[in-house]
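K.L.:
model this:
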Amino acid sequence: MSGLSQVADKNFDEEIVHSAMPAMVEFWAEWCQPCKVMMPMIEELVKKYQGKIKFAQMNVAENPKTPARFGIRNIPTLMFFKGGEVEKTIVGAYPSSLLDEELKKLLWTSHEKGLL
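P.N.:
Got it, this is the predicted structure:
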């Protein structure tokens, strides 16, 4: 889907940590049923926040270094980044309305800190 990029160990820092805009990354795997359940919700949020928040996914089976670096042990895990730092981590399936609230907070604090 447009607006939802795939990141790998080799480009994670460039694409996410050093991103000028806030970012949300979903750590997932093909076999993860809750990840599949969350996908339509994430696609809707990508549409809603396109151009304001960078959205990406990382397949943990294909990219083990980055999940290990951030201590990810369960999936799905969503990580919210701002200014090169992890702002929030959510483990497990999460309702769309609560994800939307977290994204609003991420944008609000980005504006407050002059990052946008």
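
K.L.:
neighbours of residue 74, how many?
P.N.:
If you count neighbours by other CB atoms under 10 Å, residue 74 ends up with 11. Any C-beta I mention is one placed from the backbone N, CA and C, and that applies to glycine too.

K.L.:
buried residues in stretch 24-42?
P.N.:
With burial defined by 16 or more other CB atoms under 10 Å, the residues of stretch 24-42 counted as buried are 24-28, 32, 35, 38-39, 41-42.

K.L.:
sort out for me which of these are in strands.
P.N.:
Judged by DSSP state E, strands contain the following of the buried residues of stretch 24-42: 24-28.

K.L.:
make sure residue 90 is indeed in a strand.
P.N.:
Yes. Secondary structure of residue 90 (DSSP: H, G, I helix; E, B strand; the rest coil): part of a strand.

K.L.:
burial count for the nearest residue to it once chain neighbours are set aside?
P.N.:
In space, not counting the residues next to it along the chain, residue 90 is nearest to residue 78; the distance is 4.4 Å by CB to CB, 6 or more residues apart in numbering. By other CB under 10 Å, 21 other residues sit near residue 78.

K.L.:
who does residue 78 form a beta bridge with?
P.N.:
Residue 78 has these beta-bridge partners by DSSP bridges: residue 26, residue 90.

K.L.:
report pLDDT for it.
P.N.:
Among the per-residue scores, residue 78 holds a pLDDT of 98.

K.L.:
that one and residue 57, how far apart?
P.N.:
If you measure residue 78 against residue 57 using CB to CB, to the nearest Å, the figure is 10 Å.

K.L.:
between these two, what contacts are shared?
P.N.:
Shared contacts of residue 78 and residue 57, defined by CB atoms under 8 Å, 6 or more residues apart in numbering, are found at 25-27.

K.L.:
gap between the residue nearest the centre of the chain and residue 49?
P.N.:
Centroid check for the chain by CA atoms, centre = their mean gives residue 25 as the closest residue, at 1.8 Å. Remark: distance between residue 25 and residue 49 (CB to CB) = 14 Å.
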